[in-house]
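[1] what's the 3D shape of this:
(one chain, ligands or ions: 1)
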Amino acid sequence: MNPSLKVAIVEDNEWFNKFLCHIVSLIQEYEVRSYFSGNDFLKDLDNFKPDIVSLDYRLPDMTGKELMKKVKSLDPSMDILIVSEQEDVQTAIELMKSGASEYLVKTREMKVNLLNSLRHISENRQLKSEIRGLRSEVVKRHDFSRSIIGNSSALQRSLKLVEKALSSNISVVINGETGTGKEVLAKAIHYGSSRKEGRFVAVNVAAIPSELIESELFGFEKGAFTHATNKRIGKFEEADGGTLFLDEIGEMPLGVQAKLLRVLQEKEVARLGSNVEIKIDCRIIAATHRDLFEEVKKGNFREDLYYRLFGLNVILPPLRERDQDVILLAEYFSKTFAEENGLETKRLSASSREKLLDYSWPGNIRELKSVIDLACILTDSDTIEPEHLSLRSSIDTKDLLGTNKTLREYSIEIVKHFLEKHDNDISKVSRLLDVGRTTIYRMLKESE
Ligand SMILES: Nc1ncnc2c1ncn2[C@@H]1O[C@H](COP(=O)(O)OP(=O)(O)OP(=O)(O)O)[C@@H](O)[C@H]1O
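    Next up, the predicted model:
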């Protein structure tokens with residue numbers, strides 16, 4: 001069924017005006033109002049507020065084209081249908097370019113053509129409104145308060161910095177171990193910024209064979225290389241008006257780094273096999289698990305690119321340093337797993353919580369999610385017990401003991417690890433490890 005739409009007919013020929021109104025009124029959901037001149041229509045615009053307006057190409061007081069321009073400047077969302085005496089392809093093209101939705105010629109098939117055009121416009125409006133709805137859903141889903149779970153001060157410190165990135169166009173580099181949520185954060189920045197109507201395009205540099213990175217980023221013309229049988233636009237062009245997320249930028253070959261620097265400086269990109277430079281306006285968010293400055297010193301990363309990219313540096317802490325966030329996230333994943341699979345949410349027993357807090361999470365949030373998903377399946381009751389949590393604990397101990405340290409050094413390591421995990425809360429760590437606060441201070445001093 002057609003949604004209810006208001007249609008205005010602007011036509012100076014009385015008979016034809018009546019005829020058009022009659023056609024529109026055949027569709028029950030359309031409300032129609034008629035006008036005989038451009039000024040008549042403009043005077044009533046605020047009052048009637050039409051969705052679609054059918055304009056005669058030649059009106060007594062102005063041309064349909066002039067009226068269309070005025071209407072579009074007042075309400076760009078209004079659909080304009082131009083009705084002309086005779087077919088003139090050039091005029092039709094010009095009118096469509098200036099914003100007309102349809103161009104109709106007064107012929108015997110007027111009734112069928114007008115009804116078809118109205119149906120097209122109506123379907124298009126419905127699609128546009130659905131897209132608007134979906135887009136705002138996506139924006140909501142990536143909103144910080146929903147997508148970034150965690151209250152730890154380590155995370156909150158990083159998020160505070162991120163807020164600065166929302167209101168500006170500054171480039172952002174996110175540092176963090178694998179699975180700490182770098183992509184989740186990049187999306188939250190994009191959908192929280194003024195670029196949210198544009199696209200968020202993610203490229204994982206480490207996942208693309210080095211010889212293909214250039215064509216992936218910059219696109220290529222047909223015949224640019226042996227397998228280029230068709231032209232393809234690159235990720236930079238895809239992200240025009242939006243955000244390009246370059247994940248694992250530290251893995252980018254030096255040759256591509258040079259080209260990337262040029263694109264960032266010139267704000268122009270040329271597809272491989274073409275000399276035509278295309279203007280690009282996209283924000284760059286890069287992520288890496290490496291210390292890029294160290295990579296610069298080692299000669300693996302270009303210093304000039306480093307300074308070009310480094311606007312705001314956000315460090316995402318590993319999960320083992322996020323204190324109670326582990327539990328918040330585990331509960332969140334258990335809830336979403338239940339929702340997605342039509343099951344009841346499983347709760348975590350006290351000893352499961354302890355087990356989760358004691359683990360060092362080398363795979364970070366990604367690992368936690370898969371551990372919880374599996375636990376939700378393994379348990380037969382409404383509770384997740386420690387035996388349902390499949391952790392790789394033995395690997396950690398081996399790693400730690402393989403480092404050739406004295407017992408004193410191991411103790412200091414353990415104290416430091418606990419301090420990191422519990423937001424440097426010395427009283428809490430002193431209680432947990434059963435050592436005096438003074439001992440902790442002494443150990444820290446010793447390790448300086
Ligand atoms: N704060 C968070 N709240 C909820 N879910 C999160 C959060 N951070 C990450 N996740 C989830 O953890 C998983 C890993 O996140 P993401 O892919 O963003 O990590 P990453 O740091 O980009 O990883 P990699 O370096 O391996 O690319 C995803 O399933 C993501 O939805």
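[2] next one: phi and psi at the closest residue to Phe236 other than its chain neighbours?
    Counting by CB to CB, 6 or more residues apart in numbering, Val269 is the residue found nearest to Phe236 once chain neighbours are left out, at 4.7 Å. (C-beta placed from N, C-alpha, C; glycine too.) According to degrees, to the nearest 10, the main-chain angles of Val269 amount to phi -130, psi 140.
[3] and Val269, what are its bridge partners?
    Residues in a beta bridge with Val269, per DSSP bridges, are Ile278.
[4] That one - how many residues pack around it?
    Applying other CB atoms under 10 Å, we find 26 other residues in the vicinity of Val269.
[5] Just the pLDDT for it.
    pLDDT for Val269: 91.
[6] Tell me the residue of this protein that sits nearest the ligand?
    For the chain and the ligand, the shortest gap (CB to the nearest ligand atom) falls at Gly181, measuring 2.4 Å.
[7] Kindly provide the distance from that residue to Glu340.
    Noted for Gly181: a distance of 19 Å to Glu340, by CB to CB, to the nearest Å.
[8] Settle it for me: which of those two has more neighbours?
    When Gly181 is set against Glu340 and neighbours are counted by other CB under 10 Å, the residue ahead is Gly181, at 23 against 9.
[9] For the closest residue to the more buried one other than its chain neighbours, which residues are in contact?
    Spatial nearest neighbour of Gly181, excluding adjacent residues (CB to CB, 6+ apart): Ile365 at 5.5 Å. Ile365 makes contact with 179-181, 319, 329, according to CB atoms under 8 Å, 6 or more residues apart in numbering.
[10] Residues of the stretch 151-300 of the chain that sit close to the ligand?
    176, 178-184, 247, 289 (CB under 6 Å from any ligand atom).
[11] Identify the farthest-apart pair in these.
    Farthest apart among these by CB to CB are Val184 and His289. That separation is 15.0 Å.
[12] Which of these two has more residues huddled nearby?
    Each of Val184 and His289 has its neighbours counted (other CB under 10 Å); His289 has more, 18 against 15.
[13] Was I right to think Glu29 contacts Ser4?
    Yes - Glu29 is in contact with Ser4 according to CB atoms under 8 Å; the separation is 4.7 Å.
[14] Wondering if the helix or strand hosting the residue nearest to Gly181 reaches the ligand at all.
    When secondary structure is defined using DSSP states H and E, the element that contains Ile365 is helix 364-378. Yes - in terms of CB under 6 Å from any ligand atom, part of helix 364-378 sits within range of the ligand, namely 365-366, 369.
[15] pLDDT and distance to Leu95 for these - can I get that in JSON lines?
    Written out in JSON lines, the entries for those read as follows (pLDDT from 0 to 100; distance: CB to CB, whole Å):
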{"residue": "Ile365", "pLDDT": "94", "distance to Leu95": "53"}
{"residue": "Arg366", "pLDDT": "93", "distance to Leu95": "53"}
{"residue": "Lys369", "pLDDT": "94", "distance to Leu95": "53"}
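[16] of the residues you listed, closest to Lys428?
    When the residues of helix 364-378 next to the ligand are compared for distance to Lys428 (CB to CB), Ile365 wins out at 23.0 Å.
[17] elements contacting the helix or strand that contains Ala202?
    Using DSSP H and E, Ala202 falls within strand 200-204. Under the contact definition 3 or more CB pairs under 8 Å, 6 or more residues apart in numbering; DSSP states H and E, strand 200-204 sits against helix 182-192, helix 235-238, strand 243-247.
[18] Quick one: distance of whichever strand or helix holds Gln90 to the chain centre.
    Element membership for Gln90, per DSSP H and E: helix 89-97. Helix 89-97 has its C-alpha centroid displaced from the chain centroid by 36 Å (CA atoms, centre = their mean, to the nearest Å).
[19] Can you check the pLDDT for the residue lying closest to Lys196 once chain neighbours are set aside?
    Setting aside the residues directly before and after it, Lys196 is nearest to Val139 in space (CB to CB, 6+ apart), at 5.4 Å. Here, the pLDDT recorded for Val139 equals 73.
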